[in-house]
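Peer 1: how would this look folded up:
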Amino acid sequence: MSQLVIIRHGQSQWNLENRFTGWVDVPLSAQGIEEAKAAGVKLQAYQFNEAYTSDLQRAQHTLQYILEGIGQTNIPVTRNVALNERMYGDLQGLDKADTAAKYGAEQVHIWRRSYDIAPPGGESLKDTAERVIPYLEAEILPKLRAGKNIIIAAHGNSLRALVMYLEGMTPEQILAFEIPTATPRVYELDADLKVNSARFL
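Peer 2: Numbers count the residues shown, from 1 in each chain. Predicted coordinates for the structure are as follows:
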């Protein structure tokens, strides 16, 4: 039996400004910092053996605030680009409302909410899953199988890929699945990594 906790970073400065972020390394907003600290309070009762995060500071700092809050800053932390947010290509940095005005709301909706259609120069959710899942299988699942408790701080779309894999969701189901900022999702896994329970705290 092992536990996996996944958490999307707290609100970033560009979340606040309603801009497409992707791989741009923007910091947490003041609200995002408070959200991350609040997540640490929710996780007081949990003990972790290792932590994973992306190559982007908004996820790294969210994890840092959580580990400080639960007094577990001494556990190993692995950062990897495989856990980065979906790359939004030419849309990165653009205001979402301006982008809808430029390309049309329907086209922007397709880019944001289809499984396998990527924005110009960017990744679809399918593309994102194709880097997240091999990393999960190679690096993280063996440790869970060995009984370790793991926390992953990452991003809305990289975590959607992970949730889709763990919970056996279809592309349609995962696109409708919302992952709120800085809200831990706790998985209880059996020895075969079957999900016994999954819930948001």
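
Peer 1: residues contacting the residue nearest the centre of the chain?
Peer 2: For the chain, H155 is the residue whose C-alpha lies nearest the centre (Cα atoms, centre = their mean; 2.7 Å). Residues in contact with H155, defined by Cβ atoms under 8 Å, 6 or more residues apart in numbering, are 8-9, 54, 56, 59, 83-86. For every residue, glycine as well, the C-beta is placed using N, CA and C.

Peer 1: what separates it from A30, distance-wise?
Peer 2: According to Cβ to Cβ, to the nearest Å, H155 and A30 sit 20 Å apart.

Peer 1: the closest residue to W23 other than its chain neighbours: how many residues sit nearby?
Peer 2: Using Cβ to Cβ, 6 or more residues apart in numbering and skipping residues adjacent in sequence, the residue nearest W23 is M87, 5.1 Å away. Per other Cβ atoms under 10 Å, the neighbour tally for M87 reads 20.

Peer 1: so where do the helices sit in this protein?
Peer 2: Under the criterion DSSP state H, the chain contains helices at 13-16, 30-42, 57-69, 96-103, 105-113, 125-135, 141-145, 156-167, 171-175.

Peer 1: now for the fifth one, which elements pack on it?
Peer 2: Which is helix 105-113. helix 96-103 (3 or more Cβ pairs under 8 Å, 6 or more residues apart in numbering; DSSP states H and E).

Peer 1: still on that earlier bit, for the residue nearest to W23, report the pLDDT, please.
Peer 2: The predicted local distance difference test score for M87 is 98.
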